[in-house]
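# Test case, fold it:
(5 chains, ligands or ions: 9)
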Amino acid sequence: MALATFKGGIHPPDKKDIAKDRAIKEAKSPQRVVIPLSQHLGAPCKPIVSIGQEVKKGEVIGEPGGFVSAPVHSSVSGKVIAIAEFPNAMGRMVNSVVIENDGKEEWASLKDNPDYIKLSADELKEKVKAAGIVGMGGAAFPTLVKLSPPKEKPIDTIIINGAECEPYLTADYRLMIEKSGEIVEGLKILMRILGVNKGFIGIENNKPDAIEKMKDAAKNEPNIEVCGLEVKYPQGAEKMLISALTGREVPPRALPMDVRVVVQNVGTALAVYEAARYGKPLIERVVTVTGEGIKNAANLMVKIGTLISDIVEECGGFKDSAGKVVSGGPMMGFALSTLDVPVTKGTSGILVIPEEGVVHTDEFGPCIRCGRCIDICPMGLMPSMLSILSEKGHYEDTKEYNLFDCFECGSCAFVCPSKRPIVQLVRLAKSLTKP
Amino acid sequence: MSNSENKISYISLIKNGIFSENPIFRVALSLCPAVAVTSGVKNGFMMGIAVLFVQIMVNITVSVVRKFIHPKVRIPSYMFIIATWVTVTDLSMAAFVRDIYAQMGLYIKLIVAFAIILSRAELFASKQKITPSFFDGLGNGIGFLFALVIIGFFRELLGKGSLWGYPIVDTKPLLIMILPTGGFFAVGILMGLFNWIDMKFFGGGGASGGGH
Amino acid sequence: MEFGKLFELFIAAALINNFVFTRYLGLCIFFGVTKKMDTSIGMSITFTSVMVISAALNWVIYKFIMIPLGLGFLEIVIFIGVVAGFVQAADTIMKKVSPGLYYKLGIYLALITTNCIILAVPLLNVSEGYNFIESMFFGFGSGVGFSLAMIIMASIREKLELADVPKAFQGLPISFIITGLIALAFLGFSGLITL
Amino acid sequence: MKEMLKITASLVIIFVAAGLVMAVVFAKTAPIVKIKKEQEETAARKKMMPDADDIIEAGQWEPYGKKGKYFEGKKGEETTGYLISTYGKGYSSFINILVSVGKDMKVKGISILGHGETPGLGDEIEQDYFKKRFEGKSLEQLEVVKVEGTDKIQAISGATISSRAVTKGVSESVKLLKEKYSATEPAKEVKK
Amino acid sequence: MADVKKEHELIVTVSPHVRDEETTSRIMWTVNMALLPAFFMGFYFFGLKALFITALCIISSVLSEYFFQKAVNRKVTVNDGSSFLTGLLLGMNLPPSLWSFNPFTIHVPIIGSVIAVVITKQFFGGLGYNIFNPALIGRAFLLISFPKAMTIWTEPSAAFFALDAKTTATPLGILKEDGIAKLIEAFGDKLNLYAELFNGHRAGSIGETSVLALLIGAGFLLYKRYITWHIPISFLGTVAVLAWIFGGKNPETGKMLLFAGDPLIHLLSGGLMLGAFFMATDYVTCPSVRKGQIVFGIGCGALTMLIRIKGGYPEGVMFAILLMNCFAPLIDRSMKSDVFGAVKEKKK
Ligand SMILES: Cc1cc2nc3c(=O)[nH]c(=O)nc-3n(C[C@H](O)[C@H](O)[C@H](O)COP(=O)(O)O)c2cc1C
Ligand SMILES: Cc1cc2nc3c(=O)[nH]c(=O)nc-3n(C[C@H](O)[C@H](O)[C@H](O)COP(=O)(O)O)c2cc1C
Ligand SMILES: Cc1cc2nc3c(=O)[nH]c(=O)nc-3n(C[C@H](O)[C@H](O)[C@H](O)COP(=O)(O)O)c2cc1C
Ligand SMILES: Cc1cc2nc3c(=O)[nH]c(=O)nc-3n(C[C@H](O)[C@H](O)[C@H](O)CO)c2cc1C
Ligand code: SF4
Ligand code: SF4
Ligand code: SF4
Ligand code: SF4
Ligand code: FES
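Ligands and ions are numbered 1, 2, ... in the order given. Below is the predicted model of the structure:
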């Protein structure tokens, strides 16, 4: 049988070898963390600490500011020294809490509850809520929201997204190798919360050992199926993954729950497990530090709020001069203008591209209508038209070409022989029109 | 237009008609004859003369009867006046310039639909005395004639290698110029040229367009 | 066989002797209306219907009134009067009977009155000596051909909105050149049918 | 009501005045048109048959379902030749041709009365060099070839179809004349 | 550590941060390469004049692009290879006799190139914006302007320096004028006819004759995915089917005989292969959505056969593609791609 996949997509060189075999290592505890109060999609948190206050590791420092929100915890023990606006990876200024690490690593509360699986769905949900878990696959959408579907939209399938289709990144891969049991447990918890008895774990076929491990971990779970996926970007995009595994297509502008599915990243599943079992809040995550421009590639368990400069330093610094540093993967990540920005719950990788590897995009040509972008757009859009219309200022007309269905995966810009900045033009049009 | 001024310079009326308000290159009205009858200078010229005649006569007639026509039936009356003069032209040409008429009879009849004539009648002659109306008609008519002759000049020279029917070279340098494509090209390129000259030397914008 | 002839007449009027691309008529409306696809489609529908009906009306009037009375020389005045009268009537009736349609197509009616194609069709019918059915087919073919021309042109001009045409050539000049190029392509149809 | 009257009155006056103008012009020009047309036609025939004093209509026929006529040219009592109008199916139009045929059933000359062929291509048939190619041809020679140096009709390059149409039209009319007149005139000519 | 401090020098660009290696100019130059086999066959059959004509077209195309871009202060983009390609294709589309026909015909290829590059392409905004295929407009313009020079064909011979080869008719010309029996007779037997058509030993435009060489180039482009099957296959398929249905003639009466045509002759002759693989596929002037391309291909095929069988001209590929170019924007706007999930949504 052909491997499960979707229509379109691209095959960028995967470059995962750089960091693939580096086991997850605890990063050095930084002297100081900068914890943004808005790390997720949705309303920012309200700070509940004040300057000078002593906090413990795992203590709540920001309370959710609405339904689509999640609390923020301290990732170190120490003293709050500032609450102010700091830049985040996207270059935006966000309200953040700065804590000086006292090095004691003192936990606020953490207790093992091996019988977590016996807890009721509501109790488990409460734990997820308290732990401040948000999606770790990139968009950082509060997990609790996904776990609270409206009554008229029942969920029957949960998918754990282990595709990790972005080139270079290996964080999810390492987790699946090293924490396969915990991830399966996390999935079981999610299934219990939603009362679902079908779970999938989808993994791209370029990670056979991860598939092996996960299959092994799930061998006693008849309701959980581990599936190999064709290696193709963006296999990990929610809609593509759902279509590949269940054959259901999420209609434009609809959500996975409209086809009775919830998708969670492997990191999220692990966080759910740890929250349910130990009550551990989401204060650290695996970050892949990789790229041709970094001295020692690594997969680090990093405390939220650690500055990227600290991590780069821990990995031996840049090889020569770094051309570009990207937070996230090469396809969707953000290029950093400064390294003094913190790791957040959604930071999956730090990619260092040496100067000679930088693609310059300021000089681009006209669209020659070669149709490549149309062929590969996983959403079935016409990126060529989106880019031309936006380039010429016809922003309103882009809607006729389904502007808002574009999830900015960057596949089109990747293949474009004229090197057109399609994603940038799409964003521009999105910012100047209303859906 | 210098409507509001008391004194109207007749020269400027004519100049406007030829250049800044050239019916074809600038105002872009009555485009069909610009392509249809310009495969030769002679046809273009005769068409231009016909239009010139109709335009002047219509302008004069309208100016004469302007007080008499009830405003509610203004447009139909003007149409009728135009149709009358076109019929007169048509019949006369059929009788006196038979060979040319054989080639462009249909287009002579269609002068009746040229918006340029109605628009001059409506915009100018219906408000002005006979003499300025005459000069307005003259200016516009000459502008029209001028455009047709220029287009015809290039098309005939390139397409047939002749001018006014007299051979200049003994080959047909670019046959296509007397076919529709050549006609459209000639008008398009000349229009672009007029725009370019206007923009370059007079600081104008581009041409407008549309109507009849 | 009769039908074959009519079909040829129709194809010839629509494609081979397309009014815009080979007879150079209706250009003002053609260039004026094709800036937008919607208006082109609206115009196409209105135009084709008016064309067929006016061809029929004028044929009847010519045959049964003008010829018997020896008024052939008044053809210009009468045809334009008939078209104007018909359009006026259609306007009034449509406003009453179908305001929705009127709202959509009414504006085009006004533009049609003095269009040169509308007048050329009855004139050509007379000079070619077509009978009633032939006149209708000729009118219909011409209308379809004109509509086709407008719709092609509108789609091209829409695409051209996004192109960097040299400033002096924007608007009408480049439209003329496009029309010339389409006319060049349409030469491919020439010689298909001998009329 | 008064306004209505006024409108009607003004319209009526314009209509009447304009009608008068047109009627007068028509009355003046119509006879001229008629006379000129006849003059032109006879002049054309005369030009094709300069040696005949009188050209009389001898019959009608229907090439391609269109109307054609043929004439006998007389000088006194003697027949000097024939004139026949015919059609040929060309590239985009039917070509109307007038053919002058001698008593020996050889073509004396042709003239193109009307056509709608492509300007520059098909309309070369109007040129003298092409029309001359028909002079002195017998029925057997009325065939189009695309090479030079035969006694047949050489096609205009780029307009073979139009050339062929004219030739076919001419040969058809010679055929017709032969049929009609070969009984009286033993027309079987010596071939070379 | 020192490196880390140099952070102000970090380059910030928008995602994605990796790009495919393909570039516009690489595509264009590769298509140029893919045309070389066919061009060399033309050179071999028609000799130096083939080379002269093509070189003249290429030079004048590139130069006119250069000077126009200079004149209107645009960025000069002649090295992207697209005007070179236009020139090459135009040259390959011209009859080899154009040169020897008359020493003064040197202006013919030049005029064609200027029309192609300046009017058809640059007036519309340059690469990517033109509506019509520049090389084909150039050719059509020349065909109408110089009908005689453009319809004189010469016999292929390997005589390199001969400037006045024997004139002859093209296979399609013979087929149209004299029928299939004459065509077979002219080539000996049917098998030989197919073979000669396939290897290109026949009269025709410089680059169109050798089907074999064209297929080699086209196969390469298909393999590199620079073109896809959609247009060529639907184009050729339609031609084959229509040739079979309508291409037959009753040898006695000359009337059309249904289902008796010879599709192979129609497929192998004329400019069909060159047109279907290299010209109908021009990205800029064909629809960009695949299903639109199939409609485009079918339209090209149908129009080609309409002109070949019923029209006044023996070959219809050029006009067919140009006519479909007119319709391409219409096809594009009415056949957009299927948005993910939207189809199923409708069915529901
Ligand atoms: C406004 C909004 C509402 C959402 N509501 C739900 C929801 O009710 N249920 C759900 O499973 N996901 C919901 N999502 C989450 C998205 O489906 C998706 O998982 C999230 O945006 C992250 O996707 P990504 O990582 O593919 O970008 C919502 C997202 C947004 C932006
Ligand atoms: C283009 C694109 C590619 C994505 N690739 C992945 C991926 O490889 N792995 C993944 O876990 N999430 C990926 N995501 C995010 C998923 O769509 C989805 O939001 C996520 O799996 C939901 O899980 P979470 O809420 O736990 O993060 C991708 C999103 C986009 C738009
Ligand atoms: C647009 C166009 C118009 C043409 N017009 C004519 C024409 O009026 N008369 C004619 O015989 N051939 C005309 N042809 C050419 C014929 O189709 C045909 O090619 C020609 O008659 C063959 O002549 P040749 O064998 O001398 O090349 C035209 C071709 C095209 C493309
Ligand atoms: C597959 C392919 C086919 C092409 N075919 C043509 C062609 O037929 N004629 C032409 O002028 N340019 C052709 N080009 C070049 C280029 O697309 C053309 O110059 C543009 O139309 C100019 O905007 C082709 C390019 C590619 C990639
Ligand atoms: S955020 Fe990037 S790397 Fe992570 S899963 Fe999504 S696409 Fe893959
Ligand atoms: S508007 Fe654009 S950037 Fe914002 S969430 Fe939607 S797809 Fe992402
Ligand atoms: S970025 Fe948008 S338009 Fe481009 S391929 Fe991805 S979804 Fe399609
Ligand atoms: S890939 Fe680039 S050049 Fe090709 S159609 Fe898309 S935007 Fe245009
Ligand atoms: S002159 Fe023909 S439509 Fe205006």
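# Just want the phi and psi numbers for A:Glu63.
phi -100, psi 150 (degrees, to the nearest 10).
# three-state assignment of A:Glu408?
Using DSSP: H, G, I helix; E, B strand; the rest coil as the criterion, the local structure at A:Glu408 reads coil.
# and it, how far is that from A:Ser327?
As for A:Glu408, its distance to A:Ser327 is 15 Å (criterion: C-beta to C-beta, to the nearest Å). Every residue, glycine included, has its C-beta placed from N, CA and C.
# okay, the two: which has more neighbours?
More neighbours sit around A:Ser327 than around the other of A:Glu408 and A:Ser327, counting by other C-beta atoms under 10 Å in any protein chain shown; the figures are 23 against 18.
# can you count the residues close to the residue lying closest to A:Val325 once chain neighbours are set aside?
Spatial nearest neighbour of A:Val325, excluding adjacent residues (C-beta to C-beta, 6 or more residues apart in numbering or on different chains): A:Leu336 at 4.7 Å. Residues near A:Leu336, counting by other C-beta under 10 Å, number 26.
# what do you get for C:Asn115?
C:Asn115: 26 neighbours (other C-beta under 10 Å).
# Please apply the same query to D:Leu5.
In terms of burial, D:Leu5 registers 9 neighbours under the definition other C-beta under 10 Å.
# any idea how far it is from D:Leu11?
Relative to D:Leu11, D:Leu5 is positioned 11 Å away (C-beta to C-beta).
# Could you do A:Asp362 as well?
Using C-beta to C-beta, one gets 70 Å for the distance from A:Asp362 to D:Leu11.
# More neighbours: which of these two?
With neighbours defined as other C-beta under 10 Å, A:Asp362 and D:Leu11 compare such that D:Leu11 has more, 16 against 7.
# who's in contact with the more buried one?
Remark: with contacts taken as C-beta atoms under 8 Å, 6 or more residues apart in numbering or on different chains, D:Leu11 is in contact with B:Val73, B:Pro76, B:Ser77.
# May I have the phi/psi pair for the first one?
As for B:Val73, its main-chain torsions (degrees, to the nearest 10) stand at phi -110, psi 30.
# Touching, it and D:Val12? I think so.
No. Taking C-beta atoms under 8 Å as the contact criterion, B:Val73 and D:Val12 are not neighbours in contact, 11.0 Å apart.
# More neighbours: the two, which one.
Legend: neighbour count by other C-beta under 10 Å for B:Val73 and D:Val12, higher for B:Val73 (16 against 10).
# re earlier: specify which member of the contacts of D:Leu11 is nearest to A:Ile201.
B:Pro76 (80.7 Å; C-beta to C-beta).
# What's the local residue count around the closest residue to E:Phe259 other than its chain neighbours?
Counting by C-beta to C-beta, 6+ apart, E:Ile245 is the residue found nearest to E:Phe259 once chain neighbours are left out, at 5.8 Å. When neighbours are counted by other C-beta under 10 Å, E:Ile245 registers 15.
# is it true that E:Ile245 touches E:Leu258?
Yes. With contact defined as C-beta under 8 Å, E:Ile245 counts as touching E:Leu258 (6.1 Å).
# By proximity to ligand 5, which residue of chain C wins?
Among all residues of chain C, C:Leu162 sits closest to ligand 5, at 31.5 Å; criterion: C-beta to the nearest ligand atom.
# tell me the SS of that residue?
When the structure is split into helix, strand and coil by three-state DSSP, C:Leu162 lands in coil.
# and A:Lys303, what is it in contact with?
Contact criterion C-beta under 8 Å, 6+ apart gives A:Ala27, A:Ser29, A:Pro30, A:Val33, A:Ser75, A:Val76, A:Ile283, A:Glu284, A:Val343 as the residues in contact with A:Lys303.
# switch to 7 Å and redo it
The contact partners of A:Lys303, by C-beta atoms under 7 Å, 6 or more residues apart in numbering or on different chains, come to A:Ser29, A:Pro30, A:Val33, A:Ser75, A:Val76, A:Ile283, A:Glu284.
# now, which of those residues lie within strands?
Members of the contacts of A:Lys303 lying in strands (criterion: DSSP state E): A:Val33, A:Glu284.
# Next, format the contacts of A:Lys303 as JSON lines and append pLDDT and neighbour count.
Below are the contacts of A:Lys303 laid out as JSON lines (pLDDT from 0 to 100; neighbours: other C-beta atoms under 10 Å in any protein chain shown):
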{"residue": "A:Ser29", "pLDDT": "92", "neighbour count": "19"}
{"residue": "A:Pro30", "pLDDT": "93", "neighbour count": "24"}
{"residue": "A:Val33", "pLDDT": "94", "neighbour count": "25"}
{"residue": "A:Ser75", "pLDDT": "94", "neighbour count": "29"}
{"residue": "A:Val76", "pLDDT": "94", "neighbour count": "27"}
{"residue": "A:Ile283", "pLDDT": "93", "neighbour count": "23"}
{"residue": "A:Glu284", "pLDDT": "93", "neighbour count": "22"}
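# Mind picking the two most distant members of the contacts of A:Lys303?
Across the contacts of A:Lys303, the two members that end up farthest from each other (C-beta to C-beta) are A:Pro30 and A:Ile283, 12.6 Å apart.
# and which of the contacts of A:Lys303 is nearest ligand 7?
Comparing the contacts of A:Lys303 against ligand 7 with C-beta to the nearest ligand atom places A:Glu284 closest, at 31.0 Å.
# Is it correct that the closest one is in contact with A:Leu300?
No. Under the criterion of C-beta atoms under 7 Å, A:Glu284 makes no contact with A:Leu300, lying 9.5 Å away.
# for ligand 9, what are the nearby residues on chain C?
Counting by C-beta under 6 Å from any ligand atom, the positions of chain C adjacent to ligand 9 are C:Leu25, C:Gly26, C:Leu27, C:Cys28, C:Ile29, C:Asn115, C:Cys116.
# and the nearest residue to A:Glu166 once chain neighbours are set aside, how many neighbours?
In space, and not counting its chain neighbours, A:Glu166 is closest to A:Gly329: 2.9 Å by C-beta to C-beta, 6+ apart. By the other C-beta under 10 Å criterion, the neighbourhood of A:Gly329 contains 29 residues.
# One more: D:Pro31?
Counted with other C-beta under 10 Å, the burial measure for D:Pro31 works out to 10 neighbours.
# go on, the one 4 residues further on?
Taking other C-beta under 10 Å as the neighbour definition, D:Ile35 ends up with a count of 11.
# What average pLDDT does the one helix or strand it maps to get?
D:Ile35 is part of helix D:2-48 when elements are defined by DSSP states H and E. Mean per-residue pLDDT for helix D:2-48: 83.
# With just CA atoms, put the helix or strand just after that helix into PDB.
Heading C-terminal from helix D:2-48, the first helix or strand you meet, by DSSP H and E, is strand D:54-61. Output for strand D:54-61, consisting of C-alpha atoms alone and laid out as PDB, is shown next (Å, rounded to 0.1, in the frame of the first residue of the first chain):
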ATOM      1  CA  ASP D  54     -23.500  46.100 -80.100                       C
ATOM      2  CA  ILE D  55     -23.500  43.800 -77.200                       C
ATOM      3  CA  ILE D  56     -26.800  41.900 -76.800                       C
ATOM      4  CA  GLU D  57     -27.800  39.800 -73.900                       C
ATOM      5  CA  ALA D  58     -28.000  36.200 -75.000                       C
ATOM      6  CA  GLY D  59     -29.000  34.300 -71.900                       C
ATOM      7  CA  GLN D  60     -28.600  33.600 -68.200                       C
ATOM      8  CA  TRP D  61     -27.000  30.900 -66.100                       C
END
